[in-house]
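Novice: build the 3D model from these lines:
(one chain, ligands or ions: 1)
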Amino acid sequence: MQTRDDDFRTIWLSPEDPATVQVIDQRHLPHDYRVLDLRGWRDGYDAIADMAVRGAPLIGATAAWSLYLAALHGGAREVGRAAESLLAARPTAVNLRWAIERVSALASSADDDLPGRVRRDAEAICDEDIEICLGIGRAGLPLIEAVAARRPGPVHVLTHCNAGALATVNWGTATAPVYLAHRAGIDVHVWVDETRPRSQGSQLTAWELARRGVPHTLIVDNAGGHLMQNGEVDLVITGTDRTARNGDVANKIGTYLKALAARDNGVPFYVALPSTTVDWSLDAGVGRIPIEERDAAEVTHVAGRYNGETVTVRTTADGTPARNPAFDVTPARLVTGLITERGVCAASEAGLRSLFPDLAGA
Ligand code: MRU
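Specialist: This is a model prediction of the structure:
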């Protein structure tokens, strides 16, 4: 939903029909801006599984709105059925489970206006997500300001995948400090990793940075190390789909390699996350966070625009075997700091506990 020329929300209730949830259909970006109508919870499931919506916070928000549609059409029993299915829509982003557990709790209490309550909670989840992302932006802004104060010229931030407004309800996590810096008049420039195989960097991050007027340059996934070696990256900021209690972070495949290159070159490597992305039940992430394996066709084929049509072409020989793990885990020791809505902390259990003693448990 367009809110200003340079601004949008990714999910909203149709102003014309309170039984329709609408999302930006990200499968068609950057070439076409299309809105997808979700009229039942299965539409929400399909939107998540087929990546019409993606990004950990937005996956959670879409699940919450899907449960609203389930409550509207089938009451508490349908909410239960939908919750069970939705949980399996994508395995890595923990926001999915977080949102489903939060909304499902409403369905267990007797209520004659269950759809109304679930609707208010889905709205609250979205409003909170915007506030959380702005909090991340405020917490991360001083990191960019510090570089700008140190020397003249643009501050170069490298990011991977899309942890932008399109991955959340608005503002994004990794992009929020960049947007606030840009609005504050700081000369900030973003290196955008293409992010094969789904190309979230070239298709989504570049699109939203352009819309908001933030200078950026697209690079292939393998260019980051070279740029770091040549002093052309001041800091890396990525998002995460699930953060373990010890600060290990799962994010889009290739994030780990960027963290290794950053460490070798003394470039600070920050991960931006809402507290909803912390999986407090996991004491470590490496080997423990479920990693989604996607269709090998995403590796052997590429989609693009040709003569005004979106076409998919095979880039490999027929029958070339391919594998497509969609996420990897960056160990906490490679992470300079976690940028959260409550401030920046060390990527460690002590760091997370210091900011979130209320969520960390005993
Ligand atoms: O497969 P995707 O596009 O859902 O992966 C998204 C990411 O890896 C993002 O970096 C992550 O969800 C953080 S979003 C703020």
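
Novice: distance between the ends of stretch 180-187?
Specialist: 11 Å (CA to CA, to the nearest Å).

Novice: now that stretch: buried residues?
Specialist: With burial defined by 16 or more other CB atoms under 10 Å, the residues of stretch 180-187 counted as buried are L180, A181, H182, I186. To be clear about C-beta, it is placed using only N, CA and C from the backbone, and glycine gets the same treatment.

Novice: of those, closest to the ligand?
Specialist: L180 (15.6 Å; CB to the nearest ligand atom).

Novice: ok, the closest one touching A139?
Specialist: No - in this structure L180 lies outside contact range of A139 using CB atoms under 8 Å: 9.9 Å.

Novice: would you tell me whether whatever helix or strand P115 lives in gets close to the ligand?
Specialist: Element membership for P115, per DSSP states H and E: helix 114-150. No - Helix 114-150 is not in contact with the ligand by CB under 6 Å from any ligand atom; minimum separation 8.2 Å.

Novice: so what secondary structure elements neighbour the very next helix or strand once past that helix?
Specialist: Next helix or strand after helix 114-150 toward the C-terminus (DSSP H and E): strand 155-159. Strand 155-159 sits against helix 114-150, helix 176-183, strand 188-193, helix 224-229, strand 235-238, with contacts defined as 3 or more CB pairs under 8 Å, 6 or more residues apart in numbering; DSSP states H and E.

Novice: now strand 155-159 against strand 188-193, angle please.
Specialist: 30 degrees (axes from the mean of the first three to the mean of the last three CA atoms, to 10 degrees).

Novice: mean confidence for strand 155-159?
Specialist: What strand 155-159 shows for mean pLDDT is 98.

Novice: ok, that strand: who's next to it in the sheet?
Specialist: Sheet pairing for strand 155-159, assigned by DSSP bridges, gives strand 188-193 (parallel), strand 235-238 (parallel).

Novice: of these, which is nearest the ligand?
Specialist: Here strand 235-238 is closest among the strands paired with strand 155-159 (CB to the nearest ligand atom), at 6.1 Å.

Novice: and the next element down the chain from the closest one?
Specialist: strand 242-244.

Novice: and the ligand, is that next one touching that?
Specialist: No - contact of strand 242-244 with the ligand (CB under 6 Å from any ligand atom) is absent, the minimum separation being 9.0 Å.

Novice: other SSEs contacting that strand?
Specialist: Using 3+ CB pairs under 8 Å, 6+ apart: strand 242-244 touches strand 249-252, strand 278-279.

Novice: now stretch 108-124: buried residues?
Specialist: Applying 16+ other CB under 10 Å to stretch 108-124 flags L114, P115, R117, V118, R119, D121, A122, E123 as buried.

Novice: contacts made by it with the rest, please.
Specialist: 13, 18, 61, 64-65, 67-68, 71-72, 75-76, 79, 102-103, 106-107 (CB atoms under 8 Å, 6 or more residues apart in numbering).

Novice: let's go with 7 Å and repeat that
Specialist: Identification of contacts with stretch 108-124 by CB atoms under 7 Å, 6 or more residues apart in numbering yields A64, W65, L67, Y68, A71, L72, G75, A76, R102, V103, L106, A107.

Novice: I'd like the residues you listed as TSV, with secondary structure, neighbour count and pLDDT appended.
Specialist: Shown next, in TSV, are those (DSSP: H, G, I helix; E, B strand; the rest coil; neighbours: other CB atoms under 10 Å; pLDDT from 0 to 100):
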residue	secondary structure	neighbour count	pLDDT
A64	helix	29	98
W65	helix	29	98
L67	helix	31	98
Y68	helix	29	98
A71	helix	27	96
L72	helix	20	95
G75	helix	14	92
A76	helix	18	93
R102	helix	18	96
V103	helix	27	96
L106	helix	17	87
A107	helix	22	82
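
Novice: export the residues you listed to TSV and tack on distance to the ligand?
Specialist: Shown next, in TSV, are the contacts of stretch 108-124 (distance: CB to the nearest ligand atom, whole Å):
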residue	distance to the ligand
A64	16
W65	17
L67	20
Y68	22
A71	25
L72	26
G75	31
A76	30
R102	18
V103	20
L106	25
A107	26
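
Novice: can you tell me which residues contact the nearest residue to I289 once chain neighbours are set aside?
Specialist: In space, and not counting its chain neighbours, I289 is closest to A250: 4.3 Å by CB to CB, 6 or more residues apart in numbering. By CB under 7 Å, 6+ apart, the contact list for A250 reads T92, T240, D241, R242, G285, I289, F327, V329.

Novice: pull the number of nearby residues for the residue lying closest to A210 once chain neighbours are set aside.
Specialist: Nearest residue to A210 in three dimensions, chain neighbours excluded: H216, at 7.2 Å (CB to CB, 6+ apart). Number of residues near H216 (other CB atoms under 10 Å) recorded here: 21.

Novice: and what of the one 10 residues further on?
Specialist: By the other CB under 10 Å criterion, the neighbourhood of H226 contains 12 residues.

Novice: likewise for A297?
Specialist: 12.

Novice: now it. Its backbone dihedrals?
Specialist: The phi/psi pair for A297 (degrees, to the nearest 10) reads phi -60, psi -20.
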